[in-house]
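Asks: got a predicted structure plus its sequence, pasted below:
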Amino acid sequence: MTKLSVNINKVATLRNARGGNVPDVVAFALHCEAFGADGITVHPRPDERHIRRTDVYELKKALHVEFNIEGYPAPEFMHLVEEVHPAQVTLVPDSPEQLTSNHGWDTVAHREELLHIVKELQDAGCRVSIFVDPTTEMVQGAKAVGADRVELYTGPYAELFKTDPQAAIEMYRPAAEKAQELGLGLNAGHDLSLENLGALIQAFPWIDEVSIGHQIIADALYLGIEETIKRYKYLVKI
């Protein structure tokens, strides 16, 4: 069954906009856990514009569900995750100033770099997922560097789904099936919503995990976080 990991970056963004500790990101994460989230995701950036390093350490101590840390493998990021030992590290190719993740790794061009990074993280006891665009070449490249999973960047899926849901699914089929063929775990994330998530899971029920943040927090403004997680959990169980 597909697991739901809630990305709480936007909760930290709201806290940081005012200062202080409201909302409390650790308390919020624990509520997500209590309401049925299977994991918590954070993406700490060098400027700490949302999740801070201190949040990462506090979350690690508090959580009982899987902890997934996303980020670019700069030395400070590698040091952080090797100290915290999350269940999963998701490698993304973001530059420090990037607003949000909007493309995956070129796992072929960065083969040597990723080989070293993946091994270092696995030696530290972390499962490693590589954020990739939905092409068979990038999935094969992730397998070649020893990754445990790939996370398919679903921004293009969400955009095309608005006008042609079936074409959106078929655009992702080769990469999703290649991951399954190669024995790679399969994650998905970016712009997934109550409108488009169910179709993705029905098409590719071997997806291990979806990581959703911005849309869950936006939905929670109207529905409340308990009801929001309930609705997303229903979709991943279809």
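Replies: Received, thanks. Numbers count the residues shown, from 1 in each chain.

Asks: quick one: Asn196 from Val92, how far?
Replies: 21 Å (CB to CB, to the nearest Å). Every C-beta, even on glycine, is put in place using the N, C-alpha and C of the backbone.

Asks: go ahead and flag the most central residue of the protein.
Replies: Relative to the mean C-alpha position of the chain, the nearest C-alpha, by CA atoms, centre = their mean, is the one of Ser211, at 4.0 Å.

Asks: so for Glu195, what's the pLDDT?
Replies: Reported pLDDT at Glu195 in the predicted model: 98.

Asks: next up, the contacts around it.
Replies: Contacts here follow CB atoms under 8 Å, 6 or more residues apart in numbering; on that basis Glu195 touches Phe161.

Asks: from here on, count from 195
Replies: In the new count, where the first residue is 195, that last one comes out as Glu389.

Asks: for the helix of greatest length in the chain, buried residues please.
Replies: Longest helix in the chain, counting residues (DSSP state H): helix 359-376. Using 16 or more other CB atoms under 10 Å as the burial criterion, the residues of helix 359-376 that qualify are Pro359, Ala362, Ile363, Met365, Tyr366, Ala369, Ala370, Lys372, Ala373.

Asks: hang on, Thr284 packs against Asn381?
Replies: Yes - under the criterion of CB atoms under 8 Å, Thr284 is in contact with Asn381, at a separation of 7.4 Å.

Asks: need the residues touching each of those two.
Replies: Both Thr284 and Asn381 are in contact with Ser323, Glu345, Ser405, where contact means CB under 8 Å, 6+ apart.

Asks: closest one of those residues to Arg246?
Replies: Using CB to CB, the shortest approach to Arg246 within those belongs to Ser405, at 19.5 Å.

Asks: show me what the helix or strand where Glu421 lies is packed up against.
Replies: Counting by DSSP states H and E, the element that carries Glu421 is helix 419-431. Judged by 3 or more CB pairs under 8 Å, 6 or more residues apart in numbering; DSSP states H and E, the packing partners of helix 419-431 are strand 197-201, helix 219-228, helix 391-397, helix 408-417.

Asks: 10 Å instead?
Replies: Packed against helix 419-431, as judged by 3 or more CB pairs under 10 Å, 6 or more residues apart in numbering; DSSP states H and E, are the following elements: strand 197-201, helix 219-228, helix 391-397, strand 403-406, helix 408-417.

Asks: make CSV out of the ones you listed and add distance to Gly377.
Replies: What follows is the helices and strands packed on helix 419-431, written out as CSV (distance: least, CB to CB, whole Å):
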stretch, distance to Gly377
strand 197-201, 18
helix 219-228, 30
helix 391-397, 20
strand 403-406, 16
helix 408-417, 30
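
Asks: so which of the ones you listed is the most packed in?
Replies: Of all these, strand 403-406 has the most neighbours on average by mean count of other CB atoms under 10 Å, namely a mean of 26.

Asks: neighbouring strands - and their directions - for that strand?
Replies: Paired neighbours of strand 403-406 in the sheet (DSSP bridges): strand 197-201 (parallel), strand 379-383 (parallel).

Asks: pairing-wise in the sheet, spell out the partners of the residue nearest to Gly383 when sequence neighbours are not counted.
Replies: Closest residue to Gly383 in three dimensions, ignoring its sequence neighbours and counting by CB to CB, 6 or more residues apart in numbering: Ser405, at 3.9 Å. According to DSSP bridges, Ser199, Gly383 are recorded as the beta-bridge partners of Ser405.

Asks: that older thread, out of the helices and strands packed on helix 419-431, which gets nearest to Arg239?
Replies: For Arg239, the closest of these is strand 197-201, at 12.9 Å, according to CB to CB.
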